[in-house]
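Chemist: what shape does this take:
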Amino acid sequence: MDPTASIALAAGAAWASGLNAYAVILILGVLGNTGYMTLPADLELLMHPMVMIAAGFMYCVEFFADKTPGVDTGWDAIHTFVRVPAGALLAAGAMGDMQPALQASAVLLGGGLAATSHTTKAATRVMLNTSPEPFSNWTASIAEDIAVLGGIWAALNHPVIFLIVLAIIVLIMWWVIPKLWRGVKHVFRAIVRFFGGKAEDEKPDKLTANNTPPPSLDNVDPKALGEP
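Modeler: This next block holds a predicted model:
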């Protein structure tokens, strides 16, 4: 595999892992076993039947969890610790037997790409969950699955075009993420107010604790104040 193809595969696998790491592992394992592509030596483990069965099972679980409002956000939070490391390892493995410095760079860049796509996905899902209907979640989830499959295909068949398009997508994500997370903060503040508002309303006023009215100067004897 030439350097450009290796870089495209590393970037594509890392970016797609941020959306669905199990799908990426399963796709690469299937492609390697069917002879459609020759996986780098460090990724040949993905062709093992046990790895493919595990990835396929977890993909099925994620397929349904990812399309359930509310559950998808919890799933994304947990998989922060799966998708980002998986993206880093897949990127390093895709670089093959290159210099250690290049593989270390692939780990850092792969983790960054996976973190970028995962953060965008997670924040978008929080915003979609403010809508009571489930159709937007289903649409987003199916679109992400298609993006994973299409990204891997493009990285393998049109590496240069894929890298250019991916660079544009990443720039857009970096521009969108701060705006999405501002919206996410508003959502969580609204949730906190909803569940904590009643408790705050029930707190007694410091000046009127025990239902004792505050003192009034109208009821004070002027002689007690030393007035003539």
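
Chemist: so what touches stretch 158-173?
Modeler: Identification of contacts with stretch 158-173 by CB atoms under 8 Å, 6 or more residues apart in numbering yields 4-5, 7-9, 11-12, 15, 113, 116-117, 119-120, 151, 154-155. Where C-beta positions appear, they are placed from N, C-alpha and C, glycine not excepted.

Chemist: chain center to the lengthiest helix in the chain: distance?
Modeler: Using DSSP state H, we find that the single longest helix of the chain is helix 159-201. Centroid displacement of helix 159-201 relative to its chain, using CA atoms, centre = their mean, to the nearest Å, is 10 Å.

Chemist: got it, and stretch 69-89?
Modeler: The answer for stretch 69-89 is 6 Å, by CA atoms, centre = their mean.

Chemist: in that stretch, what counts as buried?
Modeler: Judged by neighbour count (16 or more other CB atoms under 10 Å), stretch 69-89 contains these buried residues: 69, 72-73, 75-76, 79, 83-89.

Chemist: repeat for stretch 116-130
Modeler: 116-126, 128-129.

Chemist: list just the nearest of those to residue 30.
Modeler: residue 117 (21.4 Å; CB to CB).

Chemist: I'd like the average pLDDT over stretch 51-70.
Modeler: Averaged across stretch 51-70, pLDDT comes to 95.

Chemist: dump that stretch to CSV, restricted to CA.
Modeler: What follows is stretch 51-70 as a C-alpha-only set of coordinates in CSV (Å, rounded to 0.1, in the frame of the first residue of the first chain):
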residue,chain,number,x,y,z
VAL,A,51,-12.9,-10.1,16.6
MET,A,52,-15.4,-10.0,13.8
ILE,A,53,-18.1,-11.7,15.9
ALA,A,54,-17.5,-9.4,18.8
ALA,A,55,-17.6,-6.3,16.5
GLY,A,56,-20.7,-7.5,14.8
PHE,A,57,-22.5,-8.2,18.1
MET,A,58,-21.6,-4.8,19.5
TYR,A,59,-22.6,-3.1,16.2
CYS,A,60,-26.1,-4.7,16.5
VAL,A,61,-26.4,-3.4,20.1
GLU,A,62,-25.3,0.0,19.0
PHE,A,63,-27.6,0.0,16.0
PHE,A,64,-30.7,0.0,18.4
ALA,A,65,-29.2,2.0,21.2
ASP,A,66,-28.1,4.7,18.8
LYS,A,67,-31.6,5.2,17.5
THR,A,68,-33.3,5.5,20.9
PRO,A,69,-33.7,9.1,22.2
GLY,A,70,-31.9,9.6,25.5
